[in-house]
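>>> Predicted model, plus sequence, below.
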Amino acid sequence: MKDVAAAAAAERVARESYGRLVARLAWQWRDLAAAEDALAEAFAAALRHWPEQGVPEAPEAWLAAAAQRRLLHHARHTRLTQDPRVTALLDDAELEAPEREAVPDARLQLMFVCAHPAIAANVHAPLMLQAVLGLDAKVIASAFLVSPTAMAQRLVRGKARIRDAGLRFEAPEARELPARLAAVLEAIYAAYTLGRHTLDSPADDLREEALFLARLTTQLLPGQAEAWGLLALLLHAEARRGAQFDAAGRFVPLQAQDPAGWRGDLIQEAESALWTAAGLRQPGPFQIEAAIQSAHAQRRATGQTPWRAIAQLYAVLVEHHANLGARVGQAVALAEAGEADAALALLDALPPEAARYAPFWVARAHVLGLIGGPGRQAALQRAIGLTDDPRLRDFLVAQLP
């Protein structure tokens, strides 16, 4: 039983603390790969020692100290221990549990570091999700619609670039932040989305972390409209979280949700953020997506969803910032606005990678159901096969004839 308890404690600390510890170690030692390796060895040591010695009172501090010792050992072999900046890292104060209030700011700084222009742009957001938020390549891959192998290779290449170029983990200057902001916002949005589609309790933490980082970003860069747009988007999504499942735990699609179950305080905060963004006159995709969610929120007051307006907003989004999710959303909005044939044509025109995207098949089944054409059952079966969330899968299975 002690072994089981120790393993459970290590797993819990890994979920809750990995990102903070990596951010702290990478920032101190200016070496992301070394920080990850050292932390991996620290977790391995925990699994060896905790079953015999018991779980320490401050497990996060224990892991930080073990990782620090590993990094110092490596430093000795590379003749770095003569540098007082290195030896100072093992001051007793550094081995104490980190202050929780100060860590998120350091993590946001590390996210901006991961957006360094010398690193390939398609690595920026995935690297933040792995190095700062502690997600693995398989989970990250699902957010970017690529295979786990491709994502793992992308991350390895990105870290090799950091190492080979000798990039130091220095905080970017204030003038550099706006150019790196888009990648940071993409990572925060991906983190919330991944949390939304995951069942276990850490998912809630991930969504809360994403919301915290979104709010923090608006404080850091209050003159950047897209930061406010992302915050508005996440707040609208969070406002409806409690209505996504009924009392029996069954999934409830947006159109079937009772708006009375949506949180008015979060909707109000979202609308305020969206107005702030609009006042800055810097249009961008997150603001358009937030406007779409704002239109959905109107049903709370009017009882009606303005599908025609939503379809028009999606058209603007697709025109300037086309991606697979936006194009699928546009098709669904058109179908709900009474143009199911046009919606099906949009879905038919999507690129081959849409076949790996579960929402595409859900949308296709819905549109075919409205038209009454063949293929609805096959589309549902494809959607079911691509859906990981068992609650959503059960909902889709129930739609089969």
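Done, it's in. Just so we're clear, the structure is a prediction, and the values are computed from it rather than from any experiment.
>>> Contact partners for residue 242?
Residues counted as contacts of residue 242 (Cβ atoms under 8 Å, 6 or more residues apart in numbering) are 261, 262, 263. C-beta here means a position set from N, CA and C on the backbone, and glycine is covered the same way.
>>> what about 6 Å?
The neighbours of residue 242, taking Cβ atoms under 6 Å, 6 or more residues apart in numbering as the test, are residue 261.
>>> any low-confidence regions in the stretch 1-150 of the chain?
Counting by pLDDT under 70, the low-confidence segments of the stretch 1-150 of the chain come to 1-4, 14-15, 27-28, 30, 73-105.
>>> Where do the helices of it begin and end?
Listed in chain order, the helices found in the stretch 1-150 of the chain under DSSP state H, counting those that start in this stretch are 2-29, 32-53, 59-77, 84-87, 103-114, 121-131, 137-144, 148-165.
>>> Those helices: which one's closest to residue 345?
Distances from residue 345 to each of those were compared by Cβ to Cβ, and the smallest falls on helix 137-144, at 26.8 Å.
>>> List the buried residues in the closest one.
Buried residues in helix 137-144, counting neighbours by 16 or more other Cβ atoms under 10 Å, are found at 137, 139, 140, 141, 142, 143.
>>> What distance do you get for the second one to residue 393?
Remark: distance between residue 139 and residue 393 (Cβ to Cβ, to the nearest Å) = 18 Å.
>>> how's this protein carved up into domains?
Per the record's domain assignment (automatic domain parsing), the chain is made up of the domains 1-98, 101-165+177-221.
>>> Any chance of CSV for those domains, columns distance to residue 239?
Conversion of these to CSV gives the following (distance: least, Cβ to Cβ, whole Å):
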stretch, distance to residue 239
domain 1-98, 25
domain 101-165+177-221, 11
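>>> any idea which of those is most buried?
Mean neighbour counts were compared across those using mean count of other Cβ atoms under 10 Å; the top stretch is domain 101-165+177-221, at a mean of 19.
>>> rewinding a little: Serialize the helices of the stretch 1-150 of the chain to a markdown table and add fields for distance to residue 221.
Rendered in a markdown table, the data for the helices of the stretch 1-150 of the chain read as follows (distance: least, Cβ to Cβ, whole Å):
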| stretch | distance to residue 221 |
| --- | --- |
| helix 2-29 | 19 |
| helix 32-53 | 24 |
| helix 59-77 | 30 |
| helix 84-87 | 30 |
| helix 103-114 | 10 |
| helix 121-131 | 16 |
| helix 137-144 | 23 |
| helix 148-165 | 24 |
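>>> Out of those, flag the one nearest residue 277.
With respect to residue 277, and counting by Cβ to Cβ, the nearest of the helices of the stretch 1-150 of the chain is helix 103-114 at 19.2 Å.
>>> helices and strands around the closest one, which ones?
Other helices and strands packing on helix 103-114, by 3 or more Cβ pairs under 6 Å, 6 or more residues apart in numbering; DSSP states H and E, are helix 2-29, helix 121-131.
>>> Kindly recompute the last result at 7 Å.
helix 2-29, helix 121-131, helix 177-196, helix 202-220 (3 or more Cβ pairs under 7 Å, 6 or more residues apart in numbering; DSSP states H and E).
>>> For residue 191, which non-adjacent residue is closest in space?
residue 210 (4.2 Å; Cβ to Cβ, 6 or more residues apart in numbering).
>>> Distance check, the one you found against residue 54.
34 Å.
>>> what does stretch 302-317 contact?
Contact partners of stretch 302-317, identified using Cβ atoms under 7 Å, 6 or more residues apart in numbering, comprise 285, 288-289, 291-292, 295-296, 298-299, 326, 329-330, 333-334, 336-337.
>>> ok, of the buried residues of helix 137-144, which one's closest to residue 222?
Within these, distances to residue 222 taken as Cβ to Cβ reach their minimum at residue 143, with 27.2 Å.
>>> re the thing from before, kindly reformat the helices and strands packed on helix 103-114 as CSV containing distance to residue 66.
Putting these into CSV (distance: least, Cβ to Cβ, whole Å) gives the following:
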stretch, distance to residue 66
helix 2-29, 10
helix 121-131, 19
helix 177-196, 27
helix 202-220, 22
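>>> Of those helices, which is nearest residue 59?
Closest approach to residue 59 among the helices and strands packed on helix 103-114 is made by helix 2-29 (4.7 Å; Cβ to Cβ).
>>> by contact count, what packs against that closest one?
On a contact count with 3+ Cβ pairs under 7 Å, 6+ apart, helix 2-29 meets helix 32-53, helix 59-77, helix 103-114.
>>> among those helices, which is nearest residue 380?
Evaluated over the helices and strands packed on helix 2-29, closeness to residue 380 peaks at helix 103-114, with 38.3 Å, by Cβ to Cβ.
>>> ok and the closest one relative to helix 148-165, angle-wise?
Using axes from the mean of the first three to the mean of the last three Cα atoms, to 10 degrees, the direction of helix 103-114 lies 80 degrees away from that of helix 148-165.
>>> where does the stretch 251-400 of the chain have low pLDDT?
Nowhere does the stretch 251-400 of the chain drop to pLDDT under 70.
>>> Nearest spatial neighbour of residue 13, chain-adjacent residues omitted?
If you skip the residues right next to it in sequence, residue 13 has residue 59 as its closest partner in space, 4.7 Å away by Cβ to Cβ, 6+ apart.
>>> roughly how far apart are that neighbour and residue 21?
When distances are taken as Cβ to Cβ, residue 59 and residue 21 turn out to be 11 Å apart.
>>> still on that earlier bit, Serialize the buried residues of helix 137-144 to CSV and add fields for distance to residue 178.
Formatted as CSV, the buried residues of helix 137-144 follow (distance: Cβ to Cβ, whole Å):
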residue, distance to residue 178
137, 29
139, 29
140, 25
141, 29
142, 29
143, 24
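>>> What's the separation between residue 220 and residue 337?
For residue 220, the distance to residue 337 equals 39 Å [Cβ to Cβ].
>>> Residue 264 too?
On the measure of Cβ to Cβ, residue 264 and residue 337 end up 27 Å apart.
>>> Likewise for residue 26?
Using Cβ to Cβ, we find residue 26 at a distance of 48 Å from residue 337.
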